[in-house]
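Engineer: What follows is a protein structure lacking sequence information:
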């Protein structure tokens, strides 16, 4: 696994959120099915990329629920469509990984089990997110997206 460590500035996003547990992957599909028809109501998107966002209260507690988001980056949060919410992804260091194919879970497991223990970093208490740009092809083994994992140096 190859990671690039990037210092990211904060991002404004608009979208829809839902709560899920680790074994409720169907909720991700449901969320995106609700979001996509409403995407056109966001008038201040800064690009055509989509962002999948995960906000954990306690990343290490696999029994607790966490929030998932289907969203896009926007220039500001002044024009929030009725059925959407705003969120600010805080600035900080992120380990960036290129994910290919559709098995995001396998890539995430490799990051956590193989890369992280030998990286010199630990997970920081900020959201995790994936950016789906022009190379993202839903359902295709040729699909590409970037995973951003919040990290901080081990002490």
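Structural biologist: It's in. The shown structure was predicted, so the numbers you read here are calculated from the model rather than taken from an experiment.

Engineer: what about residue 103, neighbour count?
Structural biologist: Using other C-beta atoms under 10 Å, residue 103 is surrounded by 11 other residues. Backbone N, C-alpha and C define where each C-beta goes, glycine included.

Engineer: residues in contact with it?
Structural biologist: Residue 103 makes no contacts at all, as judged by C-beta atoms under 8 Å, 6 or more residues apart in numbering.

Engineer: Quick check: pLDDT value at it.
Structural biologist: The model reports residue 103 with a pLDDT of 89.

Engineer: For it, what are phi and psi?
Structural biologist: phi -90, psi 70 (degrees, to the nearest 10).

Engineer: Same question for the one 10 residues further on.
Structural biologist: Main-chain dihedrals, residue 113, degrees, to the nearest 10: phi -90, psi -30.

Engineer: Check residue 98 too.
Structural biologist: Taking degrees, to the nearest 10 as the convention, residue 98 sits at phi -90, psi 120.

Engineer: In this structure it contacts residue 143, no?
Structural biologist: No. Using C-beta atoms under 8 Å, residue 98 is not in contact with residue 143; the gap is 11.0 Å.

Engineer: How about the contacts made by residue 98?
Structural biologist: Counted by C-beta under 8 Å, 6+ apart, residue 98 has contacts 2, 144, 145, 146, 147.

Engineer: any idea how far it is from residue 144?
Structural biologist: Per C-beta to C-beta, to the nearest Å, residue 98 is found 6 Å from residue 144.

Engineer: Tell me how many other residues crowd the nearest residue to residue 96 once chain neighbours are set aside.
Structural biologist: Excluding the flanking residues, the one nearest residue 96 by C-beta to C-beta, 6 or more residues apart in numbering is residue 4, at 4.6 Å. Using other C-beta under 10 Å, residue 4 has 10 neighbouring residues.

Engineer: Downstream of the worst-scoring helix or strand of the chain on mean pLDDT, the next helix or strand is which one?
Structural biologist: In the chain, no helix or strand scores lower on mean pLDDT, DSSP states H and E than helix 104-110, which sits at a mean of 91. Downstream of helix 104-110, the next assigned helix or strand under DSSP states H and E is strand 121-123.
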